[in-house]
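Participant: Fold the following for me, if possible:
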Amino acid sequence: MTKKTNTAAKIYTATERVNIRLRPTYDSPIVRTIEAGDEIYIEKTYSRLGVTWGKINDTKEFICLNFCKKKAE
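Facilitator: Numbering: from 1, shown residues only. Predicted coordinates for the structure are as follows:
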């Protein structure tokens with residue numbers, strides 16, 4: 001079950017090389033990969049079985065937020 005949390009496009013920074021996925025699950029296809037230090041704008045977050053996923057702003061792609069940290073505002 002997915003719990004959806006509404007956020008207003010928060011900025012996250014990747015802490016390591018991370019795969020961007022088509023759906024918020026580890027077994028979904030990889031769309032692309034980003035490098036450590038890249039900034040990502042997260043539109044919404046989804047909590048799935050202890051893992052938080054973020055929907056990337058203006059795309060249909062997801063990233064696991066365990067490998068990212070929220071940028072200070």
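Participant: going forward, measure contacts and count neighbours with C-alpha atoms only.
Facilitator: Will do.
Participant: mean confidence score for the helix or strand hosting I11?
Facilitator: Secondary structure assignment for I11, by DSSP states H and E: strand 3-14. Across strand 3-14, pLDDT averages out at 75.
Participant: what packs against the helix or strand just after it?
Facilitator: Sequence-wise, the next helix or strand downstream of strand 3-14 (DSSP H and E) is strand 18-21. Counting contacts by 3 or more Cα pairs under 8 Å, 6 or more residues apart in numbering; DSSP states H and E, strand 18-21 is packed against strand 30-34, strand 62-64.
Participant: Output the ones you listed in TSV, with mean neighbour count appended to each entry.
Facilitator: Below are the helices and strands packed on strand 18-21 laid out as TSV (neighbours: other Cα atoms under 10 Å):
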stretch	mean neighbour count
strand 30-34	13
strand 62-64	25
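Participant: Same list, these, but as CSV with distance to V18 and mean pLDDT please.
Facilitator: Output for the helices and strands packed on strand 18-21, formatted as CSV (distance: least, Cα to Cα, whole Å; pLDDT from 0 to 100):
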stretch, distance to V18, mean pLDDT
strand 30-34, 5, 95
strand 62-64, 8, 95
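Participant: Turn these into JSON lines, columns for distance to Y41.
Facilitator: Output for these, formatted as JSON lines (distance: least, Cα to Cα, whole Å):
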{"stretch": "strand 30-34", "distance to Y41": "13"}
{"stretch": "strand 62-64", "distance to Y41": "11"}
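Participant: So for A14, which of these sits nearest?
Facilitator: Among the helices and strands packed on strand 18-21, strand 30-34 comes nearest to A14, with 7.8 Å by Cα to Cα.
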